[in-house]
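> Turn this into a model:
(chains A and B)
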Amino acid sequence: MGGAAVSLAVALTARAGTFTLTADVAAEAGSVVALVGPNGAGKSTLLRAIAGVHPSHGPIAIDGADVAGLATHARRVGYVPQDGALFPHLTALDNVAFGPRQQGVRRTAARRRAAEWLDRLGVGELAHRRPAALSGGQAQRVALARALAVDPRVLLLDEPLAALDADARTDVRQALRRHLSAYDGTTLVVTHDPLDAVTLADRLVVLDEGRVVQDASPVEVTRAPRSPWVARLLGANAYRATSAADGLRLDEGGTLVGADDIAPGVPLLAVVPPHAVALHRQRPEGSPRNLWPGTVSELTLVGARVRVGVDGRPPIVAEVTAAAAAELELREGAPVWVSIKATEVTLVAL
Amino acid sequence: MKARAATIRRTPLPVGGLAVLAVVLLMLPLVGLVAKAPWSRLPAQLSSGGALDALRLSMITSTASVVLCLLFGVPLAWVLARSRFRGRSLLRSLVTLPLVLPPVVGGVALLLAFGRAGLLGGALSAAGIRLPFSTAGVVLAETFVALPFLVLSVEGALAALDERYEQVAATLGARPWAVFRRVTLPIAGPALAAGAALSWARALGEFGATITFAGNLPGTTQTLPLYVYLQLQTDPDAAVAMSLVLLVVSVAVLIGLRGRWAVRR
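Coordinates of the predicted model:
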């Protein structure tokens, strides 16, 4: 946490669907924390609990003051739900002026402040449009302006880019980067997109089934993901496994051998980057430590490289050059041999 | 494929024929009303003292009953749409009962609740309030039959309203009452207007419950439908003229709604 003031500290539990969310998250003032995790992990519930629109137990401290007992309107949090949820009956300007008006600012002053915020977010010329006449990206900017216009201590963004097309996404991502770095409060942003997480956030909090499974810098999470979901999100193969005398027994079947010696019986996550997976048409000579047969299930072109899904025990994703893919005559349904050097298998303790 | 789709789309003869008969059944009486109306003597009929009194009374009472419907119906719709409690669906059924209840039964029921010998009769007369055979009684009877239209219309809109709007409003510092006034009501506004128009039209046309509960006293409880019914025996032209007025009002309400009621149900 360094010397900076802790701006947000929550230790809450909340019912979320079929499970109970238990989240212990703290963030410094001015930092951006990305909440990532599979669908239903509790990300949105956590945001909504902090905003006060979902019941929860436990302290929610903003700048040291517990707001858990306060009603939503008294919490001073900015909440932007998915796709913005702009008030359909108000213009963009009046949407942004709504917050200041509720805080007692006079109409003209509130509108002036709203116009400034719209300008700052690059949508000043749309001030008099209704939300129905705004594109997804424009609506998202107006929603952000509306949240920021009340000068919240904490900003909660629920998948701000999810509903946007690729162009708008790039555009709004840049706007977010610019405004979040200038914002002195704490931002929590829920995202599904690893690019968003890595480009926007100082820290990633990985949630799974209502629990925080990892809380670290993007670099750290990329290097040593602690859940299969986040590893796959970042493009790596990952398997929950238990160490045994002769290697790793994977939960989903199959075995892997790593380079490290580990006492038997330890639960681990085995992570294999796709570029470290070699594919062969015939059983290769020599004796790679990890070798098994499979069938090509999927081919996708990623830039100049081809991602190859291989059904086998275990299933795996390999990444090869387009030239290699042609040479191997890869096509869906083709039999292949998979090999991995033991040194390429990274083990992460769970 | 195209030809087959066209075959399926083609209306079977019996269906089309019966549908045409249905339209005739619905439209012919209205055509008769318009065709047989005493157009030349219409201005005189419309400005006769009795007709004007009935018209004025109808406007006042139906408008008053819409005000009551809004005052009590919107909160009831809110409770039905937003609260979770045991017996909610039972309550909703009870609220819609006046829609299917014969209005004359409604009038009898009102007498047994608010009449001199009714449930609240003693308390009301002790307080010096007399509802049966009074203008207030007319308003009460009209409200009884009109309230379900408003409640159903508004409840549907509130249930369909995306609750995130209200949640965001709260995070922006709006207290619950401000959220209701500045966000919930405006967004539900069209449904509110539709419900108000429907319940107004229903109140305006109320006959059975009114005549049973409030009687037929010219100037006090004789609303337009009652006047029409009475005049039919003595002065049919006057009855037809005022029927025409009610028809025009109904059509105006329909045009004003522009199918909103039908779409929302």
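> Let me know the pLDDT of residue A:305.
Reading off the per-residue confidence, residue A:305 sits at a pLDDT of 86.
> Please verify my assumption that it contacts residue A:323.
No. Taking CB atoms under 8 Å as the contact criterion, residue A:305 and residue A:323 are not neighbours in contact, 10.0 Å apart. (C-beta placed from N, C-alpha, C; glycine too.)
> the more surrounded of the two?
When neighbours are counted by other CB atoms under 10 Å in any protein chain shown, residue A:305 comes out ahead of the other of residue A:305 and residue A:323, with 18 against 11.
> The more buried one pairs with what?
When bridges are taken as DSSP bridges, the partners of residue A:305 come out as residue A:302, residue A:321.
> Now do it against residue A:325, distance only.
Applying CB to CB, to the nearest Å, the value for residue A:305 to residue A:325 is 9 Å.
> How about the contacts made by residue A:22?
For residue A:22, the contact set (CB atoms under 8 Å, 6 or more residues apart in numbering or on different chains) comprises A:12-13, A:210-212.
> Need the buried ones from those selected in ChimeraX.
In ChimeraX, the members of the contacts of residue A:22 classed as buried (16 or more other CB atoms under 10 Å in any protein chain shown) are selected with the following command:
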select /A:12,210,211,212
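> And the contacts of residue A:22, which is closest to chain B?
Proximity of the contacts of residue A:22 to chain B (CB to the nearest CB) peaks at residue A:12, which lies at 16.7 Å.
> just so I have it, where are all the helices in the stretch 1-150 of chain B?
Along the stretch 1-150 of chain B, counting by DSSP state H, counting those that start in this stretch, helices occupy B:2-9, B:13-36, B:42-46, B:49-82, B:88-100, B:103-114, B:121-126, B:135-160.
> ok, which residues in chain B are in contact with chain A?
When proximity is defined as CB under 8 Å from any CB of the partner chain, chain B approaches chain A at B:162, B:164-165, B:167-176, B:178, B:182-183, B:186-187, B:189.
> how about residue A:28, phi and psi?
Comment: the main-chain dihedrals of residue A:28 come out as phi -80, psi 160, following degrees, to the nearest 10.
> so what's it bridging to?
Taking DSSP bridges, one obtains residue A:6 as the residues bridged to residue A:28.
> who's in contact with residue B:167?
Remark: with contacts taken as CB under 8 Å, 6+ apart, residue B:167 is in contact with A:48, A:51, A:53, A:72, A:79, A:81, A:85.
> about what we covered before: nearest to residue A:189 among the contacts of residue A:22?
Sorting the contacts of residue A:22 by how near they are to residue A:189, with CB to CB, puts residue A:212 at the top with 15.6 Å.
> List the contacts of that closest one.
Contacts were defined as CB under 8 Å, 6+ apart; by that measure residue A:212 touches A:22-25, A:205-206.
> Please convert the buried members of those into PyMOL selection syntax.
Written as a PyMOL command, the selection of buried residues from those, which uses 16+ other CB under 10 Å, is:
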select buried, chain A and resi 22+23+25+205+206
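> and the contacts of residue A:212 as CSV, adding pLDDT and secondary structure?
As requested, those are arranged in CSV below (pLDDT from 0 to 100; DSSP: H, G, I helix; E, B strand; the rest coil):
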residue, pLDDT, secondary structure
A:22, 91, strand
A:23, 89, strand
A:24, 90, strand
A:25, 90, strand
A:205, 92, strand
A:206, 90, strand
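> would a markdown table of the contacts of residue A:212 with distance to residue A:222 be doable?
Listed next are those as a markdown table, based on distance: CB to CB, whole Å:
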| residue | distance to residue A:222 |
| --- | --- |
| A:22 | 25 |
| A:23 | 22 |
| A:24 | 23 |
| A:25 | 20 |
| A:205 | 14 |
| A:206 | 12 |
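> burial count for residue A:289?
The number of residues packed near residue A:289 is 16, by other CB under 10 Å.
> Isn't it up against residue A:342?
Yes. Applying CB under 8 Å as the test, residue A:289 and residue A:342 come out as touching, 4.2 Å apart.
> re earlier: any idea which of the helices of the stretch 1-150 of chain B gets closest to residue A:136?
Minimum separation from residue A:136 across the helices of the stretch 1-150 of chain B (CB to CB) falls at helix B:135-160, 21.9 Å.
> Can you mark which positions in the closest one are buried?
Residues of helix B:135-160 classed as buried: B:135-158 (neighbour count, 16+ other CB under 10 Å).
> Which other helices and strands does it contact?
In terms of contacts (3 or more CB pairs under 8 Å, 6 or more residues apart in numbering or on different chains; DSSP states H and E), helix B:135-160 is packed against helix B:49-82, helix B:88-100, helix B:103-114, helix B:185-205, helix B:208-213, helix B:260-264.
> Pick the most deeply packed of those.
Of all the helices and strands packed on helix B:135-160, helix B:208-213 has the most neighbours on average by mean count of other CB atoms under 10 Å in any protein chain shown, namely a mean of 25.
> hmm, who's touching that one?
Under the criterion CB under 8 Å, 6+ apart, residues B:102-104, B:106-108, B:110-111, B:114-115, B:131-132, B:137-138, B:140-142, B:144-145, B:221, B:223, B:225-226 lie in contact with helix B:208-213.
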